[in-house]
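**Student:** Build the 3D model from these lines:
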Amino acid sequence: MSKYPEKRVVHITHHVDLNIPDSDIDHQVFRCGYFGDLKNALFHNHLRDKVDFVNTNETTSEWIEKFQLYSTHYVLRSRRHSLWNRKYWAGFKPFLKGFVAARVGAVVLIEKSDEEAISYLGNDYPFICDSRNLSSVRGALDDMERSFQSERWYRAVDAVKLLKAQIAPAQLRAELEALFFGAS
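**Tutor:** Down below sits the predicted model:
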């Protein structure tokens with residue numbers, strides 16, 4: 001923005017697949033799930049006792065109904081090797097899993113280095129993992145479970161509700177109108 005001050009800049013929040021039911025999870029049971037390609041899930045082979053890993057690379061979409069079964073979504077991703085240059089993928093990946101979790105009302109565990117997640121949920125979001133090592137991630141998941149239904153837990157729920165409002169279809173429509181028609 002500061003590099004081209006004469007250019008108009010409009011923020012458009014990423015939208016969520018509207019096939020995912022818009023709901024609010026009943027936070028009566030702590031249950032953590034990961035939704036996506038399992039090879040992208042950080043430590044997926046070591047956390048099966050803590051996280052249900054739901055593979056979304058299936059030919060059916062029955063997994064969509066499972067979103068509402070989880071009060072917590074595990075959204076930590078691994079860095080992968082590229083098939084072409086054998087270097088680790090270290091580029092930007094949008095906070096899409098967080099947006100999906102917000103659509104169904106699930107709390108997320110985020111990584112301290114995920115600037116986009118922190119920009120949406122806030123620096124004071126209660127469940128931020130400060131390391132990419134397995135013991136730290138396991139400890140953060142244990143902490144989330146111990147904090148379930150506490151005041152701290154409901155601060156996270158409130159942050160997720162604010163994010164949900166930012167990804168609502170009406171909000172996206174307003175952002176697109178601002179882009180195309182200059183509305184604010």
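**Student:** From now on I want contacts and neighbour counts done on CA atoms only, so please keep to that.
**Tutor:** Fine.
**Student:** how does this structure divide into domains?
**Tutor:** 1-16+169-184, 32-166 (automatic domain parsing).
**Student:** Quick one: closest of those to residue 26.
**Tutor:** Proximity to residue 26, assessed across these by C-alpha to C-alpha, is greatest for domain 32-166 (7.4 Å).
**Student:** confidence score at residue 85?
**Tutor:** For residue 85, the pLDDT comes out at 47.
**Student:** What of residue 27?
**Tutor:** On the pLDDT scale, residue 27 gets 86.
**Student:** Enumerate every residue touching the closest residue to it other than its chain neighbours.
**Tutor:** In this structure, residue 27 finds its nearest non-sequential neighbour in residue 71, 5.8 Å apart by C-alpha to C-alpha, 6 or more residues apart in numbering. The contact partners of residue 71, by C-alpha atoms under 8 Å, 6 or more residues apart in numbering, come to 25, 26, 27, 29, 30, 31, 32, 105, 106, 107.
**Student:** Let me know the closest of those to residue 171.
**Tutor:** For the contacts of residue 71, the nearest to residue 171 is residue 105 (17.1 Å; C-alpha to C-alpha).
**Student:** which residues does the residue nearest to that closest one when sequence neighbours are not counted contact?
**Tutor:** Once flanking residues are discounted, residue 105 sits nearest to residue 24: 4.6 Å by C-alpha to C-alpha, 6+ apart. Contacts for residue 24 were tallied using C-alpha under 8 Å, 6+ apart; they are 68, 103, 104, 105, 106.
**Student:** quick one: which of these is most hemmed in?
**Tutor:** residue 106 (30 neighbours; other C-alpha atoms under 10 Å).
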